[in-house]
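*Asks:* I'll drop the sequence and a predicted model, then ask my questions.
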Amino acid sequence: MRAGSAVAAGKLPPAGLAEQAVRAALERAGMERAARVLLFLTRDCARQAPAAVRAAAGAAGTLDVAGCTAWGVLGDDGPVFDGPAAAALVLDGAPAAGSGGPRLVFSGHGTLPADCMADAGLVDEDAVIWSHGRCTAEAAVEVALDGVAARIVRSAGLRPLAPPAAVDAAELLDLHRLGGQPALDHLRRHLPAELRADPPLHRIVAIIDGNAPALPILAAGADGTLTLAEALYPGQRVTWALRSPLGTEQNMRAALATAVDPEKPPVFALFFSCLGRGPMFYGGEDRDLAVFREAFPGVPVAGAYGSGQIAPGSGGSRLFRNSVVTLLCEPAHVQSLP
């Protein structure tokens with residue numbers, strides 16, 4: 001299996017950018033045509049997405065083109081957020097349908113698609129979606145990467161602040177007492193000293209289960225109550241966690257370290273990140289992508305930045321926020337990474 005990735009950005013119309021990205025990816029892979037293309041376009045290309053998808057299919061010589069629009073795109077040439085851009089990943093070989101492989105979902109809903117059984121994917125509200133070389137009116141599509149084995153790695157980007165503590169009192173979304181203290185006092189006690197006077201609630205979450213989405217804090221009350229995005233119940237155990245650039249980068253590095261095998265690198269990778277991470281979070285550079293490059297130099301990668309990331313979790317497919325979901329891929333007949 002061969003793979004190649006490229007990003008095209010600039011003053012060309014979206015169709016020209018899609019064609020340019022596909023042709024550059026083919027050249028890097030040493031291929032004249034592709035069996036499959038994963039194509040991602042920035043939101044600036046949404047209105048002209050049908051023409052861009054057709055151009056990608058024509059340049060690759062295949063109708064097997066799938067993907068979506070998103071806030072930003074990325075590939076071997078780095079990330080692009082501002083203005084029209086296209087990222088393409090080309091693959092050769094066309095295994096028979098049903099030969100096994102990860103299932104991807106691309107969704108324009110703001111929530112997890114109903115009955116979603118996909119292994120990974122990207123959610124971006126109002127996204128334009130395409131599969132089989134054409135845009136679809138459906139708000140979500142599933143794409144099977146037949147013949148591919150994938151190791152899925154999720155980086156939550158969170159640093160736990162304290163050991164788990166039991167919920168003493170809660171009502172609906174309001175967490176009143178935790179660990180024998182008012183919830184806000186308990187949180188302040190475990191924050192770094194410089195953050196205690198004015199806790200950055202937008203960067204703090206409650207973790208109930210490490211394999212389930214973390215719960216954002218919506219508001220803090222004068223009585224020490226914290227309002228969360230989901231209800232908690234007395235007896236549940238909660239861990240506070242903080243999102244910071246340094247801690248998030250360390251979390252990404254640790255997550256990928258579990259998948260590194262110098263003797264058997266992946267053939268290609270897919271990278272689905274949150275729009276709240278990437279260059280805007282790291283001050284101009286996507287350190288998550290840089291850490292991937294350190295761990296897997298030379299491996300073609302493509303993906304996009306959306307409002308939600310889909311990955312396996314407690315009870316099946318789950319929708320996460322502020323995460324990076326990386327698929328490390330190789331031919332299915334090769335034993336997957338340990």
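*Replies:* In hand now; what should we look at?
*Asks:* I'd assumed Pro297 was in contact with Asp76.
*Replies:* No - using CB atoms under 8 Å, Asp76 is not in contact with Pro297, being 11.2 Å away. Placement of C-beta: from N, CA and C, glycine included.
*Asks:* between the two, who's got more neighbours?
*Replies:* Neighbours were counted for Asp76 and for Pro297 using other CB atoms under 10 Å; Asp76 has more, 19 against 8.
*Asks:* now the more buried one. Its backbone dihedrals?
*Replies:* Backbone dihedrals for Asp76, given as degrees, to the nearest 10, come out at phi -60, psi -20.
*Asks:* Gln250 too?
*Replies:* phi -60, psi -40.
*Asks:* which non-adjacent residue is nearest it?
*Replies:* Of all residues not flanking Gln250 in the chain, Arg159 sits nearest, at 7.6 Å (CB to CB, 6 or more residues apart in numbering).
*Asks:* what's around the one you found, how many residues?
*Replies:* Neighbour tally, Arg159, other CB under 10 Å: 15.
*Asks:* who does it bridge with?
*Replies:* Leu242 (DSSP bridges).
*Asks:* ditto for Val167
*Replies:* Counting by DSSP bridges, Val167 forms beta bridges with Leu178.
*Asks:* list the residues that contact it.
*Replies:* Listed by CB atoms under 8 Å, 6 or more residues apart in numbering, the contact set of Val167 reads Leu175, Arg177, Leu178, Leu232, Tyr233, Pro234, Gly235, Gln236, Arg237, Val238.
*Asks:* let's see it at 10 Å
*Replies:* Residues near Val167 by CB atoms under 10 Å, 6 or more residues apart in numbering: 175-179, 183, 206, 208, 232-238.
*Asks:* before we move on, what about Glu142?
*Replies:* 66, 103-107, 113, 116-119, 121, 131.
*Asks:* need the three-state assignment for it.
*Replies:* The three-state label given to Glu142 by DSSP: H, G, I helix; E, B strand; the rest coil is strand.
*Asks:* with Ala255 instead?
*Replies:* Under three-state DSSP, the three-state class of Ala255 is helix.
*Asks:* how distant is the lengthiest helix in the chain from the center of its chain?
*Replies:* Ranked by number of residues, the top helix in the chain under DSSP state H is helix 14-29. Put simply, helix 14-29 sits 23 Å off its chain's centre (CA atoms, centre = their mean, to the nearest Å).
*Asks:* filter the contacts of Glu142 down to the buried ones, PyMOL style.
*Replies:* With 16 or more other CB atoms under 10 Å as the criterion, this PyMOL line picks the buried residues out of these:
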select buried, resi 66+103+104+105+106+107+113+116+118+119+121+131
